[in-house]
Each structure stands twice: as structure tokens, then as C-alpha cells.
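> sequence and predicted structure below; questions after.
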Amino acid sequence: MSATGPMETVHPHHPASTRRRLWREIVAAWRAQKGAALLALAILAFLLLFLVIPVAQVVYVAFLDVERGGFTLINFLDFFRTPLFRESFYNSLYVSLMSVVVATFISLPLAYFTSRFNFAGTALIQTLGVLPLIMPPFVGAVAMQMIFGANGSVNLLLDEYFGFTIPFMEGLNGVILVQSIHYFPFILINLSASLNTIDRSLEEAAQNLGAHGFRLFRRIVFPLAMPGYVAGAALVFLKVFDDLGTPLLLNVNTMLAPQAYLRISSIGITDPMGYVISVILVVFSLLSLWVAHLAMKGREYASVQKGGGGLLKRDLKPWEKAGAYLVIVLILLIVLSPHFGLLLLSFGTIWSYSVLPDGFTLAHYREVFTTAWPYITNTLLYAGLAAFIDVTLSTAISYIVQRTRIPGRHLLDYLGTAAVAVPGVVLAIGYLRTFHDVMLPGVDKPLATWWVIIVVALTIRRLPYALRACSAALQQISVTLEEAAQNLGAGRFTTVRRIVVPLMAGGIAAGFVTAFATAAVELSATIMLVSSESDAPLSYGIYVYMQTAAGRGPGAALGVLAVVIVGFATWLSHRFVEKQRAQAALDERMAAAQGV
Amino acid sequence: MLARTLIAAVAISAAALLPASLVAAEIENKLVVVTSFPKDLTSVFKRAFEKKYPGTKVDMLKKKTTAGVKYIQETASNNTTDIFWASAPDAFEVLKGDGLLAKYEVKAKGIPDKIGSFPLNDPDGYYKGFAASGYGIMWNTRYLKAKKLPAPKEWEDLTKAVYFNHVGMSAPSRSGTTHLTVETVLQGKGWKQGWALWKGIGGNLKTVTERSFGVPSGVNSGEFGIGIVIDFFGFSSKATGYPVEFVYPSTTALVPANIAIVKNAPHPKAAAAFIEFVLSPEGQELLLDPKIQRLPVRPELYETKAKHLPNPFKGEIAASVAFDVKKSKARYNLVNSLFDVMITYRLDDLKAATKAIHEAAAALAKKPNPEAEKLLAQARALVAAVPIDEAKSLDPEFAAIFKKKRKKKTDKVSGRQAEVEQQWDAMVKANYLKAKELAEKAKAMAQ
């Protein structure tokens, strides 16, 4: 998203000379920024090849006249004429908006307390706050039911002691609750990254002018962290709008994503409506992104101070500390309860219509440890590679969009984010269709069945997460810092490497964590693309176990392994960022002491 | 003498060894199976087959049936799969229709042509039945005890008011086996009564699960108490230790689970060997593993090792319906769509109407009122009403709207599925609303 003023004034639109002007612009842009333009073209080619073409191969059916076979828009007319689809559309919209609201209430205190006050376990709290994103497929759903379901532990206890139950997991409100618990880390991660790069001097100035406490937060701190919040909120909105898992888990069918999925994945049905809904999901996602872009437009979030420094962290009085801990523990207890359920499932023998499992055993872990190792290494490899490519692409795209004047640069941003709305199964079918006859030299099987295609699929599917995080991070960096570097003789590449990327570190880490954590438990595209057992990741292993009554325990054990591994990786990256920041602060103080 | 004995011994052992080593040498060193079966089943067969053919490695790719069909369709130009192995016969029909299966003549002897009234093998010779399964009702004993519910026995029981909000099932569009149950009941009870029954059960549903395993999973957890499931889900859940029971209702169909060789299989000999192995007495015995529990297709096993299982060849499972495969095929997608429009997507409206009807009936039982009875009967008829009659469901031109897979560019189809579904939806929704109003009126009159 573009943020700075001058770039916007470059495009005065006079329709008459638009084309010539555009051409001149392109030529000028090419001369001035050859390297960046080449990079932009390369990224565009990648997105066309692995996103646009494969998806187009599948969804063109939406534009096909079933009666004659030519191009038509009648299917879209059918969509808006059908009350069921209209209802689904409103439901999806309502659930997405409400989820953003609830997720905000969950993540604000966590982000605020950990970035504003000195807490012993900040990295731990931030890590635990990411865990909800890692909800292993199927088994996570079962765990959720065992805790919050109509006959889950909580309701059984409520019924026994108070004689009433609460329908946590029913209807649209159930979807909102589960989605908020599941996706609030998007806001938490991005908001924390933003809070940590706020210019401390602005906060101090406000304090000198008499702003304190909540007023300081509301008027100064939160507005300054807006890019991170909007990035997170947009992701929650997009993800919930397009998410399939939770509505299916709660068996709510009257929402758009499940309607698309249920129609696409039935045997033998070639009804175009599933693809029509997919197209509408993509278009609507882009629209909402554009609205978010408009909301941020014309405002200045960048700060000049090196790395922003983040808010002044202060110590809390003992009773304040107790209160803060109470709030944090309470929130974590709620959002992590599905994971407690998962843990119980993995150690439990039989758990049926009871508060706790009938007994406990280590047998499930024993079974899993003999088979799980290839799954684990595959998962680390796939998710790690995908997340790495994602943050690399995202940094490049954000830079091109915000710091160059290449015409059509926003296209990259929109394309990269549109992937969030493409159902995994559509992408996977597109890959099979596009790449099955493509043989790469040195690979003895078609590209579509080579393990690398799984990495590509994960990269594309998780690109939006990394992109929003990196984009928000760059927005907070003042362009003057780069200009200064260039005035001192640094080339563009050196500037990016030595100035921009280090300053974006927090945002890049946030993007890496979200992409990695969610890629590690992705199933819908993976299951289509796995072409040999030895290439399969953890989520596939869980799927295989969760098909049988006897597989629930081992499936849960694998799920716990996934959570632990991804959680550990997240914690490591937090440690890394914290250390970098501490080092930077130290350098600064040293420099100040030496009177530089 | 000694020498002669020695020679004889060597000859005998050589003769004994020969065929095995020959067979082992004959087949390829790899076999790729795409299957929807769970690990508990596939790993047992994989282990036994690899033991028998030590030179061959079996790769079991687990994909749910719909994904497996799509995978084979999309990779057909450069096929890497040898065997497709799944339950739902209709999935095999789809692949066969696309010309993606290879014909295979089974060498194994002693397997009957029919199981109950359902032909065991594809009459055209493309796929073979290797195990049988019947549909039935499964329940959680703890759940029923806690909620003080009686155990159900027949499909009709599930329409009773006591089971309101306690039943779970999958949708026919989501699960091939559920489709067979729905179609079986439609054929066994007739189009009108059949749909009336499904709507009666539909009104009592707690949920329509997205995949067929969601039903046993929900019953095992106690999320809902009663589920409509295929028999081995019930048997294997019980064998795992869950507090569940299973029963076959009298209107059930026995359906074979199938296996087929994919066209242009890269390892055809290994594929043939695998099919023969699965159908051999030793392969059939593997089906009796406590975690698998499927009905073998070799009748002699029911006299010995499978004595505890009901013998489908002797009518111990009363499959009273003469299943008409042609009829089922003619309206396959139409039935799926009708079920989704009337039940899956309008579950809340259907449940609201059903609840009102249950309440009115309870009130009328205490205080009879002929006028109110009439209203209630009207309400029931409105809920049961189906937008199209049986003749229309079998009209090939109408059914084609739901298929419209044009083989050639010139093929024409009239009408769009979305158009038809929209009309149905409008009618169904209005009916449910009206039924609810009438039932509420009837209840008010009885009070």
C-alpha cells in the first residue's frame, strides 16, 4: 500500500493524453529503476505462472454458458437471484466483521501489556498468543468439540452444577467465537510489530503535553500503530470471509466459502456455481483490501527515529502487575483451551460424553514416534521454505509498491493478496491441470507430482499473510532514512540490504511466523498434491489417522507434535527479534555515551 | 537310498519354492494405490502384500474419495497410479465413464456374483467388489442413558419426537455411501414415502456432517447420540472401546467396496497381483482384523473365522430392497441436489417446523381436537412435499441438467442447475414456514 504523498501526485489524469503519458512514464520508469522493474517483472511472472494461470484453468467454468458453451455472465446473475446465496453472502459478511471486533478485544490487551510494560515472559506470552493459529486439521475440531461442544467438558460441568448449558459452538455466533479464537493472532502479531516500531519521541512529547494512561493510548499510541492493526484486521476479515474449516466444523452451511467448497468437491457434479462463488470470494476480498487501503491513504505513519525504538517499557507496580497477569492468563486460558483439549485427547484412552477421558496412556505417542519422523522433517522443510520465499517476495513487493514509481506496481500487491480467497482445492486442481505434463530436466516425474509443487502451493497460499505484515512494516519507515543513505553514496541495493531490511525486521519476522505456522497445518491443497507417502507432511499424517475410530489418539498426538514444533520455531524467532532489538538499543546507548 | 531321498527332498523343496520365487520375480518392484480407506485397513494389506512379494514396495496414497477421483482424472495424461481402491461404487462409475479404468478378469475362484440383490462386480468387468458393507444406525450408550432415550431399531424410529436434535448424518452429495442409503430407502419405500421419511429424520438432525467419518466421530465423542453410518464404522468404533452399539434396520442395502486397475497403470503386473491377493482367502481373512471389520465376499469364511459377523449371503442381514442400479444412476446428482436443497441447506427451517409439529402432536395427544388434527396433518404434508415426482426424477432430459458434462462442444443442455435449485429452494422454504405456522396454530387450539 502506498503511503507517502508525493507519489500520488505523479498521476494527474487527463484522459486525452493518458496513453502517451503512460508510455512515457513506462520508459522513464524503466530508465530510472531498471533493477526494480526487472524484479517486478520476475515476481509478476511467478504470480502469473503459479497463481493466475492455474486458477484460471479451473474457474473459467464460472463464465461458461452451460447451454451453449460460450462466454456468459448468467451464472453470476443466478448467484444474486438465489436467496440461499444472498443469505450466505450476508452471513459471511456479518461473521467476518464481528470476528474482527471480537479478535480485537482479545488481542489488544495482550499486545498492549507485552509491548508497553516490562514482563518477565514477553516472548513466552507472544508465543502462546500465536499457538491458536496452529490448529491441526480435523483433530483440532474434535478437541474443540470435546471442550466447548454441546456435550463437551464445559457444558457437561455447567449442566451438572448449574443445570444449564451454553451453545458455544452453534450457529453464526459459534462461528464468530471460534474464528476469533483461531485468528486473533493475526492482529496480535502485526499490532505488536507495529507497536515496537513507534517513534518513542512522539510518545514522550505527548506525555510532556500531559497525555497519560488510556488517553495517551487512544490518541497517540494506537493511531501510530494503525498500519499493523489494519494489516492484522484486514487479514482476520479476509481469512474469516474465505475460511472453510470452522463453518464446516460447526456444520454451518449457509456461508459463502462452505457453499463453494460443498459444490466444488462433490463427485461428478460440474455445477458452475461453486466456481462462481470462488470468483466472487476473490473479487470481494480484493474490494475489502482496497477499502482498507483507502482508509490508510493520505496518512503518514513513518518515523525517522532509527527503528522507532518502540514504546518506552516501564515497570508495573505489584498490584498492577497482578492485574495485568490476571487479564493475560484469563485470555490465554480461553484461547488455548482447544489446545488443552488436544493434549487430553493425545494422552486419553477413550473420551466420550465425559468431562475428562476415561484413562490416560502413552500408547498414542509410542505409535506416532515410530512413524512421524518423515512427516516432521517434510513439514519443517515445506513450511520453512514456503515462509522464507513468502517473506522474500513480500519484502520485494512492498518495496516495489511503496518506494518505486513503476506503473501498475499495485497489481503485485493485489495479486499476492488475492491468493487468500482462492480455495486450496481450486489451487491444487489448477496445479494438477497446468503442470502435469511439465517435465523438468533432472526430475524424473512431472512437476505436478514433485514435492516442490507442495512448497509452491504453500508459498502462494500463505503469501498474503507475509505480504500484509511486510507492507505494514515498510509503511512505518520514513523514506528520508533511505534518502540519507543514498546521499551518502549507497546504491539502491545496498540501501535495501543495510537500511530497509534491518528496519523491517520485526514485520518480516511477523510475516515469517504467520506464514510458517499456518503453512505447517495446511491440508486442503496439500492433500490433493501429495503423490507419494514419503513426501507427505504432518497435516496429511493427521488426516490419515483421523479417518478411523482408533486413530483419534495418535492423530491428536501428531497434532500436539505439530503445535510444539511450530510453537518452538515461533519462540525462536521472537527471541531473535528481541535480541536484535536489545542489541540495537545497546548500540544506541553506547553511541550516545561516546557523544556521537 | 539316502541319495534318492535327498534328491527327492531337494526336488520337493525346489518345487515348493519355485512358484513363489517366480511370482516374486514376475511383478514390478513398485505399486501405487490411491485409496480412500483408513490407515488401519491399508497398512494391514500393505504389510501382508509386501511380505508375500518382498521385491515390491506399495505406496498407499490416501485421498478422500472425491479428491481421489479428481486426482486420477487430472493426472490421466501422465498416469502414475496403478490401483483405485475405495468404497463408493459410484466413484468407480465416474472413472469408468471417463474411460480411466482398465478391464481385468479375476483369476481367483469361489466368489459369488451377487451379494444380496446388489451385483458384486461391475457387469462390464472394470471394477470388482472385495468386501461388503451395510448401512445402519449407531448410538452412544452413555449419551442415550444420560438423556434417557430408548435405543432405535428402524429408520422410522429416528423420526420420533424423542430423538429431536439427537441424530447426525452425512449428506449424499458428500458421501457416496450415504447416497446409497438415501437411494435405498427411496427405492424401498417409494419416492414419496421415502422422502417423507428422510425429511422426518432430517427434522430431528442435530447436524449434517461434511464427511462420512464425521458421523461416527460425532457419536464417539458424544456430540450427538445417534448416527446413520456404514457398518464397519460402528464395528470398529466398538472394537476400539467407545461406548457404542450398531444395528441394521430392515430396509438396508448391502454394498460392495471396490477395487480397480487404473488405465495405463505403470505397474500392471503388480496391480493384478494385488487384486488377486485382496480376493484370495488369505487377503479376505485380513478384513476380519478388529480395526477393519468389513464383511468378506468369500461365503465359506462365514462358517469359520467370520462366524461372529452377519452372513450377507444367507440373508442374515435383511436386505429387503431389490436395488435398481440403473434407476440410481439415472438420478444420481438430482437426488444429491434435492437432499441438499431440502435438508442440508434448510436445516434450521426444517428443524423449526419439525419442532412445532412435535409440540403440537404432544399437546393433541393430551387433549384431542379434530380441527387441530387436520391442521397438523396439513403441516406434515407441507414438510414432506417434494418439488418433483418420481417420473420427473427419472426423466433423462431433466436429470441431464444436473450432469451437464458436455462430452462434445455441440452437446446441448437445457436449463441450469442453479435455476432449478432456486425454484425448489423457494418452494421448500415457504412450505416449512407455513408448516410451522399451522402446527403452532394446532398447538394453540389444543391448549
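Arrived safely, thanks for sending. Numbering: from 1, shown residues only, chains lettered A, B, ... in the order given.

> do a quick rundown of the strands in chain B.
B:30-35, B:57-62, B:83-86, B:101-102, B:114-115, B:118-119, B:127-140, B:167-170, B:205-209, B:226-230, B:244-247, B:254-262, B:295-296 (DSSP state E).

> equivalent analysis for chain A, please.
Using DSSP E, no strands are found in chain A.

> in it, what residue is nearest chain B?
A:Tyr353 (2.9 Å; Cβ to the nearest Cβ). C-beta here means a position set from N, CA and C on the backbone, and glycine is covered the same way.

> residue contacts, that residue?
With contact taken as Cβ atoms under 8 Å, 6 or more residues apart in numbering or on different chains, A:Tyr353 is in contact with A:Asn151, A:Leu156, B:Asn140, B:Arg142, B:Tyr143, B:Ala146, B:Ser221, B:Gly222, B:Pro243.

> isn't the fourth one up against B:Glu245?
No: shown here, B:Arg142 and B:Glu245 do not form a contact pair, counting by Cβ atoms under 8 Å, at 11.1 Å.

> scan the contacts of A:Tyr353 and report the most crowded one.
Neighbour counts for the contacts of A:Tyr353 peak at B:Asn140, which has 28 neighbours (criterion: other Cβ atoms under 10 Å in any protein chain shown).

> hmm, back to that, mind putting the strands of chain B into TSV with distance to chain A?
TSV is the format used below for these (distance: least, Cβ to the nearest Cβ, whole Å):
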stretch	distance to chain A
strand B:30-35	8
strand B:57-62	5
strand B:83-86	11
strand B:101-102	15
strand B:114-115	23
strand B:118-119	19
strand B:127-140	6
strand B:167-170	9
strand B:205-209	4
strand B:226-230	11
strand B:244-247	8
strand B:254-262	14
strand B:295-296	17
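
> which of these has the lowest average pLDDT?
Mean pLDDT is lowest for strand B:118-119 among the strands of chain B, at a mean of 74.

> what packs against that one?
strand B:254-262 (3 or more Cβ pairs under 8 Å, 6 or more residues apart in numbering or on different chains; DSSP states H and E).

> what pairs with the strand it packs on, parallel or antiparallel?
Note on strand B:254-262: by DSSP bridges, its sheet partners are strand B:83-86 (antiparallel), strand B:101-102 (antiparallel), strand B:127-140 (antiparallel).

> relative to B:Leu433, which of these is closest?
B:Leu433 sits nearest to strand B:127-140 of all those, at 30.3 Å, using Cβ to Cβ.

> picking that back up, point out the most buried one among the strands of chain B.
Among the strands of chain B, the stretch with the highest mean neighbour count (mean count of other Cβ atoms under 10 Å in any protein chain shown) is strand B:226-230, at a mean of 28.

> can I get that one in PDB, CA atoms only?
What follows is strand B:226-230, C-alpha atoms only, in PDB (Å, rounded to 0.1, in the frame of the first residue of the first chain):
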ATOM      1  CA  ILE B 226     -27.300 -41.400  17.200                       C
ATOM      2  CA  GLY B 227     -25.800 -41.600  13.800                       C
ATOM      3  CA  ILE B 228     -26.600 -43.100  10.400                       C
ATOM      4  CA  VAL B 229     -23.400 -44.900   9.500                       C
ATOM      5  CA  ILE B 230     -21.900 -47.700   7.400                       C
END
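
> how far does it sit from the chain's center?
In terms of Cα atoms, centre = their mean, to the nearest Å, the gap separating the centre of strand B:226-230 from the centre of its chain is 11 Å.

> got it, and stretch B:379-392?
25 Å.

> ends of it, what's the gap?
Length of stretch B:379-392, first residue to last, Cα to Cα, to the nearest Å: 24 Å.

> buried residues in it?
Across stretch B:379-392, burial judged by 16 or more other Cβ atoms under 10 Å in any protein chain shown covers B:Ala379, B:Arg380, B:Leu382, B:Val383, B:Ala384, B:Ala385, B:Val386, B:Pro387, B:Glu390.

> could you do stretch B:293-312 as well?
For stretch B:293-312, by 16+ other Cβ under 10 Å, it's B:293-299, B:301-302, B:306, B:309-312.

> name the residues of the stretch 101-250 of chain A found near chain B, please.
A:Val142, A:Gln145, A:Met146, A:Gly149, A:Ala150, A:Asn151, A:Leu248 (Cβ under 8 Å from any Cβ of the partner chain).

> closest to A:Val329 out of those?
Of all these, A:Val329 sits closest to A:Met146, with 22.1 Å by Cβ to Cβ.

> now the residue most central in space within chain A: closest residue in space, sequence neighbours ignored.
By Cα atoms, centre = their mean, chain A has its centre lying nearest to A:Tyr465, at 3.5 Å. Sequence neighbours aside, A:Thr514 is the residue nearest to A:Tyr465 in space, at 4.2 Å (criterion: Cβ to Cβ, 6 or more residues apart in numbering or on different chains).
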